[in-house]
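Visitor: Turn this into a structure:
(chains A and B)
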Amino acid sequence: AQSVSQHNHHVILSEAASLELGCNYSYGGTVNLFWYVQYPGQHLQLLLKYFSGDPLVKGIKGFEAEFIKSKFSFNLRKPSVQWSDTAEYFCAVTTPLVFGKGTRLSVIA
Amino acid sequence: NAGVMQNPRHLVRRRGQEARLRCSPMKGHSHVYWYRQLPEEGLKFMVYLQKENIIDESGMPKERFSAEFPKEGPSILRIQQVVRGDSAAYFCASSPPSAANYGYTFGSGTRLTVV
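Guide: Modelled structure (predicted):
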């Protein structure tokens, strides 16, 4: 069975700091990988996705993620976070989508 | 093009009552997925349905929970005889049949509170 591990439960950063959220998955076959974001009180929105090809994937709002097959990882990065990035971030793998427990990001001024 | 519509947004039920959660998928989407979100636990897959068929219900509790997606109308997640532990946010997602592996569109969720 697939499983997804997100290493950080809660991350607190100052504005303009760089962000990296870890995600490891357990699945033997071909995977499709996703990062979703959930802003406070809202539904999940797709940040980016990886199916094949270039392992460095660029998403919305300046986020990117790198698929490293040998490490079963799909870490999310952003060079400079903003206060508006405060949200919960979920890594997921298909199918059906299996989610990690999420990482809560708090960005402080 | 309306997104995934869930209603109600908030639902309060007393212990022992029934809760019915509705989900209308995006236009053109025939696959529906239900997830439950508990604090500190992320989203847990419950059930995957296509029109008139349950494809995968491996995440559904064995008792009191059921789901349907009729030929006409929304998908319904039904919880009978609710208990306090059922309090959670329930999210529905949908996808077209050709893109079931390519990510889902989520609704805004129904927040169920059992008192």
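Visitor: what about chain B, any weak spots by pLDDT?
Guide: For chain B, applying pLDDT under 70 flags the ranges B:1-2, B:98-102.
Visitor: can I assume B:G28 sits in a helix?
Guide: No. Per DSSP: H, G, I helix; E, B strand; the rest coil, B:G28 lies outside any helix segment and is coil.
Visitor: Compute the number of surrounding residues for it.
Guide: Residue crowding around B:G28 was assessed by other Cβ atoms under 10 Å in any protein chain shown; the count is 11. In this view, the C-beta of every residue, glycine as well, is placed from N, C-alpha and C.
Visitor: Give the full set of residues in contact with it.
Guide: Residues in contact with B:G28 (Cβ atoms under 8 Å, 6 or more residues apart in numbering or on different chains) are B:P96.
Visitor: which residues sit against the one helix or strand A:Y36 maps to?
Guide: Secondary structure assignment for A:Y36, by DSSP states H and E: strand A:33-38. The contact list for strand A:33-38, computed with Cβ under 8 Å, 6+ apart, reads A:23, A:25, A:44-50, A:59, A:63, A:65, A:67, A:74, A:76, A:87-94, A:97, A:99, A:102, B:103, B:106.
Visitor: Please, a PyMOL command that selects the buried ones among those residues?
Guide: Remark: buried members of the contacts of strand A:33-38, expressed as a PyMOL selection using 16 or more other Cβ atoms under 10 Å in any protein chain shown:
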select buried, (chain A and resi 23+25+44+46+47+48+49+50+59+63+65+67+74+76+87+88+89+90+91+92+93+94+97+99+102) or (chain B and resi 103+106)
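Visitor: Report the rounded mean pLDDT for the strand holding A:Y36.
Guide: In this model, strand A:33-38 carries a mean pLDDT of 94.
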